[in-house]
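[1] sequence plus predicted model, see below.
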Amino acid sequence: MDNEKLKFEGTKQGRNFHFTRQVLVSTHSSSNNITVTDQSSAREAVKKIIDASLKAVDPKNSIRRFLKREGNIITVGNQEYNLDDYYGVKVFGAGKAGAFMARAVTEIIPEVQDGLVIVKDGHVLPEGKSAGNVEIREAGHPKPNQAGLDSTKELLNKASEGDKNQNF
């Protein structure tokens with residue numbers, strides 16, 4: 001076995017990441033392991049692992065795994081919905097990845113008419129505080145602030161507007 005110190009730096013969704021780790025590299029193969037024959041392939045193997053890990057947790061990819069569209073049929077997990085059966089489409093949510101998830105939803109369903117997503121301060125989209133017709137609002141976390149309270153009240157009011165059977 002060879003010891004090698006690997007260092008990767010870059011950006012993902014507007015955020016910087018830095019990775020430094022001691023890696024033990026095995027020069028023999030097994031059916032469940034990555035085969036590494038030299039230092040350059042060790043670097044490449046670790047880079048592929050990091051890239052696959054970042055891709056797996058990317059909010060856009062997460063949404064695209066569970067929200068699909070074919071014509072006017074929207075599939076969420078295993079449940080299908082026909083957009084023709086609904087008056088409108090609204091998006092509501094909260095969480096650090098909420099802005100990126102809202103953008104992914106509006107890319108799949110551009111008919112989204114309204115919505116509100118609350119994110120932690122500093123977690124808006126690089127292009128601003130909206131994803132299509134979905135407003136993105138910042139709030140304090142982990143310590144709640146007035147912006148979070150006000151935004152939550154508005155989210156609940158918007159979500160309860162209209163006939164729940166008419167909105168998707």
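    Received, thanks. Numbers count the residues shown, from 1 in each chain.

[2] contacts and neighbour counts: CA atoms only from here.
    Will do.

[3] I'd like the average pLDDT over the longest helix anywhere in the chain.
    Longest among the helix segments of the chain by residue count, using DSSP state H, is helix 39-57. Helix 39-57 carries an average pLDDT of 80.

[4] quick one: contacts of the helix or strand following that helix?
    Heading C-terminal from helix 39-57, the first helix or strand you meet, by DSSP states H and E, is helix 59-66. Taking contacts as CA atoms under 8 Å, 6 or more residues apart in numbering, the residues outside helix 59-66 that touch it are Lys55, Ala56, Thr75, Val76, Gly77, Ala97, Phe100, Met101, Arg103, Ala104, Val105.

[5] separate out the buried members of those residues.
    Neighbour-count burial (16 or more other CA atoms under 10 Å) applied to these gives Ala97, Phe100, Met101, Arg103, Ala104, Val105.

[6] which helix or which strand is home to the fourth one?
    Of the helices and strands defined by DSSP H and E, Arg103 is found in helix 98-108.

[7] now do that helix, average pLDDT.
    Average pLDDT, helix 98-108: 95.

[8] CA atoms of it as CSV?
    The C-alpha trace of helix 98-108 is given here as CSV (Å, rounded to 0.1, in the frame of the first residue of the first chain):
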residue,chain,number,x,y,z
GLY,A,98,-35.0,25.1,-0.7
ALA,A,99,-34.1,27.7,-3.2
PHE,A,100,-32.3,25.2,-5.5
MET,A,101,-35.1,22.7,-5.1
ALA,A,102,-37.7,25.4,-6.0
ARG,A,103,-35.7,26.3,-9.1
ALA,A,104,-35.6,22.6,-10.1
VAL,A,105,-39.4,22.3,-9.7
THR,A,106,-40.0,25.4,-11.8
GLU,A,107,-37.7,24.0,-14.5
ILE,A,108,-39.8,20.9,-14.6
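
[9] run a quick neighbour tally on Leu125.
    18 (other CA atoms under 10 Å).

[10] make that Gly122, sorry
    Other residues within reach of Gly122 by the criterion other CA under 10 Å amount to 12.

[11] what does Ile109 give?
    Residues lying near Ile109 (other CA under 10 Å) number 17.

[12] can you check Glu138 too?
    Counted with other CA under 10 Å, residues neighbouring Glu138 total 21.
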